[in-house]
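Asks: need coordinates for the below:
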Amino acid sequence: MEQPRTSPETSPQGSARTAPRDPSGIQVYYNGACPVCRTEIHHYRGIAERRGVTGIVWIDITTQAGLLSPWGVDDDAIVRRLHVVESDGRLLAGVEAFIKIWKRLPGYGWLARLAAVGWIKPLAEVLYDRVLAAALYRWNKARGRVPPPPEMTAP
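Replies: This next block holds a predicted model:
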């Protein structure tokens with residue numbers, strides 16, 4: 001499972017594909033081919049739009065290959081978990097990414113605080129990574145909603 005990366009070498013702040021439009025903003029990378037993922041993100045996006053929340057860029061990862069490759073995240077790994085890139089280039093994944101989104105959405109601050117509680121966060125991470133995200137990945141892969149693994153090239 002990939003971990004958030006924060007070193008200067010893995011934080012391509014100047015990349016046109018990854019620079020948030022708002023200097024205090026975040027970019028949310030989600031699997032738009034997954035009906036569950038798409039529905040949840042559209043729910044969050046709708047709240048943000050109705051309540052005038054700015055600084056969130058929603059990116060469907062199925063529209064372009066290699067979106068998180070500067071952070072070492074390949075296309076197969078990107079569909080396994082939700083990812084957020086902060087304005088400083090730091091990559092968050094899984095529960096950390098959800099917490100970052102929830103902090104920005106009116107009515108979801110309580111959920112962000114709850115998910116960040118010392119004993120709840122590790123439990124939420126295990127449930128998300130090993131149960132929910134894993135099941136969604138298998139379900140989407142069985143239905144062709146996951147990009148094929150990269151082709152092997154001869155040395």
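Asks: can you classify the closest residue to Leu105 other than its chain neighbours as helix, strand or coil?
Replies: Leaving out its chain neighbours, the residue that sits closest to Leu105 by C-beta to C-beta, 6 or more residues apart in numbering is Ile47, at 5.3 Å. For the C-beta atoms, the positions are set from N, CA and C on the backbone; glycine is no exception. Per DSSP: H, G, I helix; E, B strand; the rest coil, the local secondary structure of Ile47 is helix.
Asks: pretty sure Ile47 contacts Pro106?
Replies: Yes. Using C-beta atoms under 8 Å, Ile47 makes contact with Pro106 at a distance of 6.9 Å.
Asks: contact partners for Gly66?
Replies: Neighbouring residues of Gly66 by C-beta atoms under 8 Å, 6 or more residues apart in numbering: Asp75.
Asks: would you list the phi and psi of it?
Replies: Torsion angles at Gly66 (phi, psi; degrees, to the nearest 10) stand at phi 70, psi 20.
Asks: centre-most residue in this protein?
Replies: The residue lying closest to the centre of the chain (C-alpha atoms, centre = their mean) is His83, at 1.7 Å.
Asks: who's it bridged to?
Replies: Going by DSSP bridges, His83 is paired in beta bridges with Tyr29, Ala93.
Asks: tell me what the helix or strand bottoming out on mean pLDDT in the chain is packed against?
Replies: When the helices and strands of the chain are scored by mean pLDDT, DSSP states H and E, helix 75-78 comes last with a mean of 89. On a contact count with 3 or more C-beta pairs under 8 Å, 6 or more residues apart in numbering; DSSP states H and E, helix 75-78 meets no helix or strand.
Asks: just the CA coordinates for it, please, in PDB.
Replies: These are the backbone C-alpha positions of helix 75-78, laid out as PDB (Å, rounded to 0.1, in the frame of the first residue of the first chain):
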ATOM      1  CA  ASP A  75      -2.600   3.800 -12.500                       C
ATOM      2  CA  ASP A  76      -3.600   0.500 -10.800                       C
ATOM      3  CA  ALA A  77      -2.700   1.800  -7.300                       C
ATOM      4  CA  ILE A  78      -4.600   5.100  -8.000                       C
END
